[in-house]
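K.L.:
Here is a sequence together with a model predicted from it:
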Amino acid sequence: MLNLLRKDFIAAKTSLAMSILIFTIFCIFFMKKEMSMHFVGIITAFSTISSLTLNDTKNHNHHFLVTLPVSRKHIVQAKYVISLICIIIAVLASYIVHSLVKIAVPGYITVDYSMIDILVPIAIVLVLASVYLPLFYSLSEKGAPVLNVIFLCLFLIMADPVAQTIHRASLNGINYPLVYGSLCSTLILFAASCYVTVYLFTKKDL
Amino acid sequence: MNAIELRNLTKIYPQFTVNNVSLDVKRGYITGLIGPNGVGKSTLIKMMLGMVRPDSGSVKILGYDMPKQEIDIKQRIGIVSDDCFYYEDVSIRDMKRIIAPFYKKWNEQKFNRYLERFELSPKKKIGQLSKGMKIKFALAVALSHEAELLIMDEPTSGLDPVFRRELLDLLAEMMQDERNTIIFSTHITTDLDRIADYISFVNRGELVFSEPKDEVLDRYAIVKGDRQLLDSDIRKKFAGVRETAFGFEGLVEDRHAAEQLFGNYAVFEKASLEDIIYYNAKGGRVHA
Amino acid sequence: MNIIISNASGDPIYMQILNQIRQSILSGELQAGDSLPSIRQLAKDLQVSVITTKRAYEELEKEQLIDSVVGKGCFVSGANKDFIREQRMKRLEEKLLEVIQDSKELNMSQQDVMEHLTLLFEEDQTS
C-alpha cells in the first residue's frame, strides 16, 4: 500500500506543480470573494485527484499497475487513500493561506472562518470523489478524460450556488450535530464507493 | 511440473472467442506461442497475467491460483510487452524507484548492470525511449527481480536484428537455471523460434497443437508437385494448399503418410514454422 | 571441440550435434573422462533449444559414448575402448561401401580400386 502511495507521489511530480499553479491562480482571482476559501480548496482538491487518476490512464498505466505484485483491490484502495490525503491538504492549504492573508492585510477579507468552513468543503469533495472514482475505474481509457471534463464543467456551474447555500445556512446559525452527521455520512459514502470500485475494477478486463 | 496450467479457458468477445483452451507450459523450457494476428494469443497471455478475466476455466501459474494468489504469482514473474505501459514523463531512475519496492527479491546491482549493458541512461524519460529501448528497460526490470517465469507478449516486433540476437543470449542465460521458464508470443517467426523448446500454435481462438518444436518440424512437411495429383479427397489431407498454373504447394500434417501417398511423384521439403502458420491460417485451398 | 550447425543441412540439428560430438570422441580429440558442456550451456552457445541438445546427449548416452553424472554433468565414457574402436570400424566400413558404390558407377573393377588405394597409401607415406 505504501509503495502504491509512493508511486503516486513520484509519478505525479508534474501534476503536483499543476495543482499548485491552480491553487495560486484561483487564490489570486477569488480572494476577495466571500466563498473564496471553500472554492479554492474544493477545486484544488478535485483537480489534483483527477490529474492523479488521469496520470494512471494516460499510458494504459493500469496495465502496468496490474503487472506489479499488488492486487487490484490495493490499487483502488490506495487511490482512495491518496484522494483523501489530497482533499485534506488542499482544503487546509486554502484555509491557511486565506487566514494568513486575513491577518497580514487587515480588511481585505471580511469573512470569519470556523471549523465548519473546513469540514464542509471536505465533505463536498468527498461526495464528488465518491461519484467520480467508481466511474473512472469502470470506464475505459477513452472515457476517463471525457469524464474529467464533464466533472470540471459541472463543478464550475455548481460551485457558486452551492457556496451561496452554505453561506446562507451558516448565517442562520450552525447546526453542529447536522454538520458532523453529514460529514460522517459522506465518509461512509466514500468508503462504500471504495467498496463498489474494488468490486467493479477486479471484474474488469484490461 | 508445469509453470503455467490453463484449463478450459473460454472468453467470448463480440468479434471473436477464445474457445475452451487448455495449455500446459513446461517448467524449465522456452515455449513459443505462435499464430497469426488477432487469433487470441494476446488474450491468452492477458488471462495468464490476470489482466483479462476468463468467462470460464482456470489459470494456474507456478502452482498458484490466478487471480486468488495473484500477488504471489506476480512476485515471481517478469513481464515484457509490446505496448509499453510505463509512465511516459518519468525518468528511468524514478520508474525504478516506483517499481523496486514492490519486489521482495529486487537486485539493484543486477539492474544497474543491465542498464549499462543495454546502454540505457537512468536520466532519460521513458517517453523519449525508442520502442526497442522500452523493451530493454522492461527486460531489465524483469530480470532484476529474479523472475522464475518470463512472459513476453510480442517482444521482438520493435527490435532491430542486432538486439534480437542479443536477446537470445539473455534468454539462454536465464535458462541456465533449469527452474526458470519463458513463454513468448509472436506472429512473425523470428530468431526467437530457434531457441524455443515447445511450440504452441493458436489459430482462430483455439489451440491447434502444443508440442516440442523438433517434433512439430519433423511431422509437418511441404509437398510440391503437379496439380493433376490433386483431387478432392487428396486435398483434404492438406492443412492448406496453394495452387498456381505451374503446380501446387501444400502443407501436410503427417509427412510419412504423405510420402506413402505421393511416392516419387511429389517433392518433400521441411516445413518452417512460418509455413505452418501460413497454411493453417489460410486453411482449405489457397489460390495464388 | 567445434560444433557447427548448418541450417542448410538436411539432417536435424540434434543429429548434427550428435555426429560432431561422436566424431570428436572417436577421433580421440575428446579423451575418456573429459567433461562436456552442460546441456543448457551447449544450447545457449549454439542458440538452439534445450530439447535439441538434450536429445543429442541422450543418443550419445545410448551409444555408451558418454556418461551423465547427476549434478556433475556429462563426461566422455572411459570404459569402452573396444566399443569405440568397433564403432569406428563400422563407420569405416560404411565409407568403404560408399567407395564401392561409387566405383561401380564409374565402371571401375575391384582391381582398379585396389590399385588406386595402394597408390594413395604410398603417396600418404611419402608425404
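P.N.:
That came through, no problem.
K.L.:
how's chain C carved up into domains?
P.N.:
C:13-76, C:81-126 (automatic domain parsing).
K.L.:
So which of the ones you listed is nearest B:Ile30?
P.N.:
domain C:13-76 (6.9 Å; C-beta to C-beta). (Each C-beta comes from the backbone N, C-alpha and C, glycine too.)
K.L.:
still on that earlier bit, out of the domains of chain C, deepest packed?
P.N.:
Mean neighbour count, computed with mean count of other C-beta atoms under 10 Å in any protein chain shown, is highest for domain C:13-76 among the domains of chain C, reaching a mean of 18.
K.L.:
Mind listing what's buried along the helix or strand bottoming out on mean pLDDT in chain A?
P.N.:
Taking mean pLDDT, DSSP states H and E as the measure, helix A:143-171 is the helix or strand of chain A with the lowest mean score, a mean of 75. For helix A:143-171, burial by neighbour count (16 or more other C-beta atoms under 10 Å in any protein chain shown) applies to A:144, A:147-148, A:151, A:155, A:159, A:162-163, A:166, A:170.
K.L.:
can you check stretch B:68-88 too?
P.N.:
By neighbour count on 16+ other C-beta under 10 Å, the buried set for stretch B:68-88 is B:70, B:73-82, B:84-88.
K.L.:
For chain A, tell me which of the residues you listed show up nearby.
P.N.:
Applying C-beta under 8 Å from any C-beta of the partner chain to the buried residues of stretch B:68-88, one finds that B:70, B:73-75, B:79, B:81, B:84-88 fall near chain A.
K.L.:
what residues are up against the residue nearest the centre of chain C?
P.N.:
Nearest to the geometric centre of chain C sits C:Gln23, at 2.6 Å (C-alpha atoms, centre = their mean). By C-beta atoms under 8 Å, 6 or more residues apart in numbering or on different chains, no residues touch C:Gln23.
K.L.:
Take the domains of chain C and write them to TSV, including mean pLDDT.
P.N.:
Listed next are the domains of chain C as TSV, based on pLDDT from 0 to 100:
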stretch	mean pLDDT
domain C:13-76	88
domain C:81-126	86
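K.L.:
Reformat those domains as CSV; add distance to B:Leu9.
P.N.:
CSV is the format used below for those (distance: least, C-beta to C-beta, whole Å):
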stretch, distance to B:Leu9
domain C:13-76, 26
domain C:81-126, 50
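K.L.:
Out of the buried residues of stretch B:68-88, which one has the weakest pLDDT?
P.N.:
Among these, B:Cys84 has the lowest pLDDT, at 65.
K.L.:
picking that back up, any bit of the least confident helix or strand of chain A sitting next to chain B?
P.N.:
No - Helix A:143-171 is not in contact with chain B by C-beta under 8 Å from any C-beta; minimum separation 15.0 Å.
K.L.:
Now find how far off-centre the following helix or strand past that helix is within its chain.
P.N.:
Per DSSP states H and E, the first helix or strand lying C-terminal to helix A:143-171 is helix A:176-203. The chain centroid and the centroid of helix A:176-203 are separated by 14 Å under C-alpha atoms, centre = their mean, to the nearest Å.
K.L.:
List the buried residues in helix A:176-203.
P.N.:
Of the residues in helix A:176-203, A:179, A:182-183, A:186, A:189-190, A:193-194, A:196-198, A:200-202 count as buried by neighbour count, 16+ other C-beta under 10 Å.
K.L.:
what mean pLDDT would you report for it?
P.N.:
Mean predicted lDDT for helix A:176-203 stands at 89.
K.L.:
same question, stretch B:105-119
P.N.:
The model assigns stretch B:105-119 a mean pLDDT of 94.
K.L.:
So what touches it?
P.N.:
Stretch B:105-119 is contacted from outside by B:75, B:92, B:96, B:100, B:121-122, B:133, B:136-137, B:139-141, B:143-146, using C-beta under 8 Å, 6+ apart.
K.L.:
which secondary structure element contains C:Met15?
P.N.:
Counting by DSSP H and E, the element that carries C:Met15 is helix C:13-26.
K.L.:
what does B:Phe85 give?
P.N.:
Here B:Phe85 is covered by no helix or strand, with elements defined by DSSP H and E.
K.L.:
Do I have it right that it meets A:His63?
P.N.:
Yes - counting by C-beta atoms under 8 Å, A:His63 is a contact partner of B:Phe85 at 4.0 Å.
K.L.:
Chain C versus B:Asn107, what's the distance?
P.N.:
With distances taken as C-beta to the nearest C-beta, to the nearest Å, B:Asn107 is found 21 Å from chain C.
K.L.:
Relative to B:Ile77, how far out is that residue?
P.N.:
From B:Asn107 across to B:Ile77, the span is 16 Å (C-beta to C-beta, to the nearest Å).
K.L.:
now the strands: where do they sit in the stretch 51-200 of chain B?
P.N.:
Taking DSSP state E, counting those that start in this stretch as the test, the strands found in the stretch 51-200 of chain B are B:56-61, B:64-66, B:77-81, B:149-153, B:181-186, B:198-203.
K.L.:
right, I mislabeled it, should have said chain C
P.N.:
Ranges of strands within chain C are C:35-36, C:66-69, C:73-76, based on DSSP state E.
K.L.:
okay if I get those as JSON lines plus distance to B:Gly250?
P.N.:
Shown next, in JSON lines, are the strands of chain C (distance: least, C-beta to C-beta, whole Å):
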{"stretch": "strand C:35-36", "distance to B:Gly250": "41"}
{"stretch": "strand C:66-69", "distance to B:Gly250": "41"}
{"stretch": "strand C:73-76", "distance to B:Gly250": "41"}
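K.L.:
still on that earlier bit, with A:Ile25 as the reference, name the closest of the strands of the stretch 51-200 of chain B.
P.N.:
Using C-beta to C-beta, the nearest of these to A:Ile25 is strand B:77-81, at 39.4 Å.
K.L.:
other SSEs contacting the closest one?
P.N.:
Judged by 3 or more C-beta pairs under 8 Å, 6 or more residues apart in numbering or on different chains; DSSP states H and E, strand B:77-81 is in contact with helix B:131-144, strand B:149-153.
K.L.:
quick check: longest helix of chain C.
P.N.:
helix C:81-105 (DSSP state H).
K.L.:
Can you pull the phi and psi angles for the residue in chain A that chain C sits nearest to?
P.N.:
For chain A, the nearest residue to chain C under the criterion C-beta to the nearest C-beta is A:Thr67, separated by 26.7 Å. Phi and psi for A:Thr67, reported as degrees, to the nearest 10, are phi -80, psi -20.
K.L.:
Any figure for the gap between the residue nearest to it when sequence neighbours are not counted and C:Gln41?
P.N.:
Leaving aside its chain neighbours, A:Thr67 sits nearest to B:Ile79 (4.7 Å; criterion: C-beta to C-beta, 6 or more residues apart in numbering or on different chains). Distance of B:Ile79 to C:Gln41, given as C-beta to C-beta: 27 Å.
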